[in-house]
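Undergrad: What would the 3D arrangement of this be:
(chains A and B)
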Amino acid sequence: MRYSAFSVFTNALGGNRGWERVWRKAEPKPQYDVVIVGGGHGLAAAYYLAKVHGITNVAVVEKGYLGSGNIGRNTTIVRSNYMLPPNTLFYEHALKLWEGLSQDLNFNCMVSQRGVLNVIHSDVQRNAYTRRGNAMRLAGVDAELLNTEQVRHLIPFADFSNARFPIRGGLLQRRAGTVRHDAVAWGYARAADQRGVDIIEQCEVTGIRIENGAVRGVETSRGFIGARKVGLAVAGNSSRVASFAGLRLPIETHVLQAFVSEGLKPVLDHVVTFGAGHFYVSQSDKGGLVFGGDLDGYNSYAQRGNLPTAEDVMEGALALFPNFARLRMLRNWGGLIDMTMDGSPIIDKTDIRGLYLNGGWCYGGFKATPASGECFAHLIARDEPPDLIRGFKLDRFKAGAMLDEKGMGAQPNLH
Amino acid sequence: MRIKCPYCGERDAQEFAYLGAADPKRPDPEAEGAADAFYQYVYLRENPAGVLAELWYHTAGCHSWLRVERDTRTHVIHSVAYASPHEAGD
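TA: Residues are numbered from 1 along each chain as shown, chains lettered A, B, ... in the order given. Got it, this is the predicted structure:
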C-alpha cells in the first residue's frame, strides 16, 4: 500500500481498519544471496541493495525487535559539521539523502531541518569554530558564524550573563536538525520489505560459517542461514560479532547515555550544543527535551550508564539554560557504541571473502544511516568501495591514515 | 561504580582515570616484526562482553596504577590490585 493524502482519507472513511502490516514477519529461508546482520544501518543497506543494485534475495537478521538497538537509542540529530574532508563529504551526502528520505521511502520520517547551533564561549573557541565553519563551506556544506546578538535572537532564554561561560557567538548549520529515529527504522524496513527483502526479528547471530577463506552463512538462534555474502552492521557489538570470524578490531565498546524531560510547550526551536562542556539538547515533537552528553568513559556492554555522567550532563544544561532547573527528567537510557581508535567509522571488506564490515560509528551512527546503507550496499554488491568511503578503510590504522577529528590519538574514550 | 583501591580503600570511580585494557603488552621495538606487533598493541583490542582486566589510575588519591577486573556487562568489579610495572608503563 502506498501512503498518500488519499490513502489517509479513504482509510479514515473505513474506520482505519484497512491499514496493512508495515512489513511481513519473515521466516528465515535456508539460503540468501546476502545476509545483513543488524536491523539498523542494515535495513538501509538492504533497501539500497534492492533499489540500486537489484539484489532482492536478501535477509536482515536482528537479534531483538526492530528498533531495539542503536537506531532507537540515539538523540535523533542529523548534521554534517565535520572538519576532515572524508567525514565532511560523507556526512554531507547523508544529509542530502535525509532531505529526500521521506519521499524516497514513501514514509514520513519527520525530517526537521531546524538547524544545529554550536554555542561559542571564548575567543579561542571562536577561532576554532571559524576554522571548522570555513572547512565546511570549502566542502560545499552550509555554515554560518553568528555573533552574540544573533545567538540571542535564536535562544533568548540562554544565560547571556554567565561570567564563567559567556556566550561569544555560535556556529549554525541551518540544514542540520533531527529525524524521528523509529520512523527511519520502520520506513527502511517497509521499503526494503516491499522490494522482497526478508526482515527476520528475534534472530541472534551466534556464529559465522567460513570455509576455505570464504563466508558460507551465519549460525543463528533460529538455525543456520546460508549466504554468499554477509554484511555486519552491528555497531556496539562489532567486536563480539566479528570475533565469530576470528577478527580483532580497533574498537572498544562504550556506553553513551541520553535523557528525556517531561513534555513542555514549544520552547527550543533548534538543536543547541554547549561549547564549554559536552551537552546537547533538542525538543522532540512530543515536547520532551532530549539531552545528550559525554560517554561514561569506560568499556561497557551494559546498555545503561552511571549517575556521574547524568550529573555532568545536567550541569552543562544548567550552565547554558538556567530555566531548565525546574524540569523533571522522565527517563534515561544508554546505547552501546563502537568507539574506534581514531573516532571515525569503518566500512570495508575483510580478509574473509564475502564478509563485509560496517561499524565503528562512535557518536555518528544515526546521522550516517542513509549514506552508510547506500555505501555498504555498493561495497557488498560490487565488492569494491565507492569513493565516498575510501577514507573509512579497516587498514588505515596500520597504514597510518587515521581520521582523527579531535587529534586525540588511539584512546577511544577521548574521541 | 566504586573501586576498592588497595592503598586508599573503597572510593567513588570518579576519583580514577581510565586507560583501557591491561593486557596489551608493549612489544620489543628491536624484535623481528616490531611494526606489526606495535600495530596490534596500539590499535587492536579484544573488547570482550564479560570480564575485562583494565587499568585505572587513582588521580584523586594515591596516584597508583591499578589492575581492575570488571564485568563490562554488569559493571561488577571482581578484583583490584596494583598494576605490575610493565602494565604501569615501566
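
Undergrad: State the mean pLDDT of the helix or strand hosting A:Tyr91.
TA: Applying DSSP states H and E as the criterion places A:Tyr91 in helix A:85-105. Per-residue confidence for helix A:85-105 averages out to 97 on the pLDDT scale.

Undergrad: Now do that helix: distance to the chain's middle.
TA: For helix A:85-105, the distance from its own C-alpha centre to the chain's C-alpha centre is 12 Å (C-alpha atoms, centre = their mean, to the nearest Å).

Undergrad: Check stretch A:249-261 too.
TA: Distance, stretch centre to chain centre, for stretch A:249-261: 12 Å (C-alpha atoms, centre = their mean).

Undergrad: Export it to CSV, keeping only CA atoms.
TA: This file holds the C-alpha atoms of stretch A:249-261, laid out as CSV (Å, rounded to 0.1, in the frame of the first residue of the first chain):
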residue,chain,number,x,y,z
LEU,A,249,39.1,-4.8,15.6
PRO,A,250,40.4,-1.4,16.5
ILE,A,251,37.3,-0.8,18.6
GLU,A,252,36.2,-0.5,22.2
THR,A,253,32.5,-0.7,23.2
HIS,A,254,31.4,2.2,25.4
VAL,A,255,28.1,3.4,26.7
LEU,A,256,26.5,6.7,25.8
GLN,A,257,23.5,8.0,27.8
ALA,A,258,20.6,10.2,26.7
PHE,A,259,17.9,11.8,28.8
VAL,A,260,14.3,13.0,28.2
SER,A,261,12.4,15.5,30.3
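
Undergrad: Quickly check: that stretch near chain B or not.
TA: Yes. Using C-beta under 8 Å from any C-beta of the partner chain, stretch A:249-261 reaches chain B at A:Leu249, A:Pro250, A:Ile251, A:Glu252, A:Thr253. For every residue, glycine as well, the C-beta is placed using N, CA and C.

Undergrad: how about those residues in a markdown table, adding pLDDT and neighbour count?
TA: Listed next are the residues of stretch A:249-261 next to chain B as a markdown table, based on pLDDT from 0 to 100; neighbours: other C-beta atoms under 10 Å in any protein chain shown:
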| residue | pLDDT | neighbour count |
| --- | --- | --- |
| A:Leu249 | 97 | 26 |
| A:Pro250 | 97 | 27 |
| A:Ile251 | 98 | 27 |
| A:Glu252 | 97 | 24 |
| A:Thr253 | 97 | 24 |
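
Undergrad: Nearest residue to B:Ala22 in space, please, no chain neighbours.
TA: In space, not counting the residues next to it along the chain, B:Ala22 is nearest to B:Ala53; the distance is 4.3 Å by C-beta to C-beta, 6 or more residues apart in numbering or on different chains.

Undergrad: ok, the one you found to B:Phe16 distance?
TA: Distance, B:Ala53 to B:Phe16, by C-beta to C-beta, to the nearest Å: 15 Å.

Undergrad: And the two? Which one has more around it.
TA: Taking B:Ala53 and B:Phe16 together and counting by other C-beta atoms under 10 Å in any protein chain shown, B:Phe16 has the greater number of neighbours (24 against 18).

Undergrad: follow-up on the earlier one: any idea which of the residues of stretch A:249-261 next to chain B is closest to chain B?
TA: Here the nearest of the residues of stretch A:249-261 next to chain B to chain B, counting by C-beta to the nearest C-beta, is A:Pro250; it sits at 4.1 Å.

Undergrad: who are the neighbours in contact with that closest one?
TA: Shown here is A:Pro250, whose contacts under the criterion C-beta atoms under 8 Å, 6 or more residues apart in numbering or on different chains are A:Thr340, A:Met341, A:Ile346, A:Gly360, A:Leu394, A:Phe397, A:Ala410, B:Tyr43, B:Leu44, B:Arg45.

Undergrad: again with B:Tyr7
TA: With contact set as C-beta under 8 Å, 6+ apart, B:Tyr7 has these partners: B:His58, B:Gly61, B:Cys62, B:Ser64.

Undergrad: Chain neighbours aside, what residue packs nearest to the third one?
TA: Spelled out, it's B:Cys62. Once chain neighbours are set aside, the closest to B:Cys62 by C-beta to C-beta, 6+ apart is B:Tyr7, at 4.3 Å.

Undergrad: sorry, back to before: mind checking which of the contacts of B:Tyr7 are buried?
TA: If you count burial by 16 or more other C-beta atoms under 10 Å in any protein chain shown, the buried members of the contacts of B:Tyr7 come out as B:His58, B:Gly61, B:Ser64.

Undergrad: show me the contacts for the last one.
TA: Contacts of B:Ser64 were listed using C-beta under 8 Å, 6+ apart, and they are B:Cys5, B:Pro6, B:Tyr7, B:Tyr57, B:His58, B:Tyr82, B:Ala83.

Undergrad: neighbours of the fourth one, just the number please.
TA: So the one you mean is B:Tyr57. 18.
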